[in-house]
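Chemist: give the three-dimensional model of this entry:
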Amino acid sequence: ALGATDEIDLTATLVDMNANLDLDGTANISGLLTIQTGIVPDAQDGAYLGTSSLQWSDLFLADGAVVGYIGAAIFAEDVHVMTVATHPNRQHCGIGTRLMLEIVSRAVSLGCSAMTLEVRSSNSAAQALYRRFGMSPAGIRRGYYKSEKEDALVMWVHEIHGAAYLERLDKMVVELESVV
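Modeler: Numbering: from 1, shown residues only. Alright, predicted model coming up:
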């Protein structure tokens, strides 16, 4: 189990979620559910996992433990970020930034020009992360999170393949590397 004071190896790597779960699902599914339950309370039985049309999903592992995961889908030239999640004891350690960098990098390599997502209207920390990636509010989805009857803020960023945006990402990578 991860403790709030445990040190984390920020050089940990992403692995394909499906391949990883096939190899040792019992070891990683509990960590994944710990993270997911903090985001979507209805996910306690694991039924939520795998229900979206994800283009890709990856686990972020450190010392064999799941500390985060991502999921995204491509629609035309847009990447829709479905999930960015970090273990509750690992938030504010740079994992979310690393996960978002992975999504953007992959999206750009696949020819995407814009990125969108929904975020809880009450999740100011996540909104701040997405703003660092140049995302701006574009609308509200009323009652998007059904179990909590909470609205979602829809955020977008365009021109993610442009030189100015890629320069922004390069600066973020340098900042992360200086922390490790």
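
Chemist: pLDDT of stretch 155-165, averaged?
Modeler: Mean per-residue pLDDT for stretch 155-165: 97.

Chemist: what comes up buried for that stretch?
Modeler: For stretch 155-165, a neighbour-count test (16 or more other C-beta atoms under 10 Å) marks 155-158, 160-161, 165 as buried. In this view, the C-beta of every residue, glycine as well, is placed from N, C-alpha and C.

Chemist: equivalent analysis for stretch 64-74, please.
Modeler: Of the residues in stretch 64-74, 65-72, 74 count as buried by neighbour count, 16+ other C-beta under 10 Å.

Chemist: now, those residues that are in strands?
Modeler: Using DSSP state E, the subset of the buried residues of stretch 64-74 located in strands is 65-72, 74.

Chemist: any chance of these in CSV, plus pLDDT?
Modeler: As requested, these are exported to CSV (pLDDT from 0 to 100):
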residue, pLDDT
65, 82
66, 83
67, 86
68, 87
69, 87
70, 88
71, 88
72, 90
74, 88
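
Chemist: how close does residue 174 get to residue 109?
Modeler: 20 Å (C-beta to C-beta, to the nearest Å).

Chemist: follow-up on the earlier one: need the ones in strands among the buried residues of stretch 64-74 in CSV with distance to residue 170, can you?
Modeler: CSV is the format used below for those (distance: C-beta to C-beta, whole Å):
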residue, distance to residue 170
65, 29
66, 28
67, 24
68, 22
69, 24
70, 20
71, 25
72, 21
74, 23
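
Chemist: out of the residues you listed, who's nearest residue 99?
Modeler: residue 70 (4.6 Å; C-beta to C-beta).

Chemist: what's across from the closest one in the sheet?
Modeler: residue 58, residue 84 (DSSP bridges).

Chemist: tell me which element residue 141 falls in.
Modeler: Take DSSP states H and E as the rule and residue 141 turns out to sit in strand 136-145.

Chemist: ok, the helix or strand that that strand is followed by: who's next to it in the sheet?
Modeler: Sequence-wise, the next helix or strand downstream of strand 136-145 (DSSP H and E) is strand 150-158. Within its sheet, strand 150-158 is paired with strand 114-120 (antiparallel), strand 136-145 (antiparallel), according to DSSP bridges.

Chemist: buried residues in stretch 90-97?
Modeler: Buried, per 16+ other C-beta under 10 Å, within stretch 90-97: 90-91, 93-97.

Chemist: over to stretch 75-93?
Modeler: In stretch 75-93, counting by 16+ other C-beta under 10 Å, buried: 78-87, 90-91, 93.

Chemist: follow-up on the earlier one: pLDDT of the strand holding residue 141, averaged?
Modeler: For strand 136-145, mean pLDDT rounds to 94.

Chemist: quick one: contacts of that strand?
Modeler: Strand 136-145 is contacted from outside by 40, 116, 118, 120-121, 149-157, using C-beta atoms under 8 Å, 6 or more residues apart in numbering.
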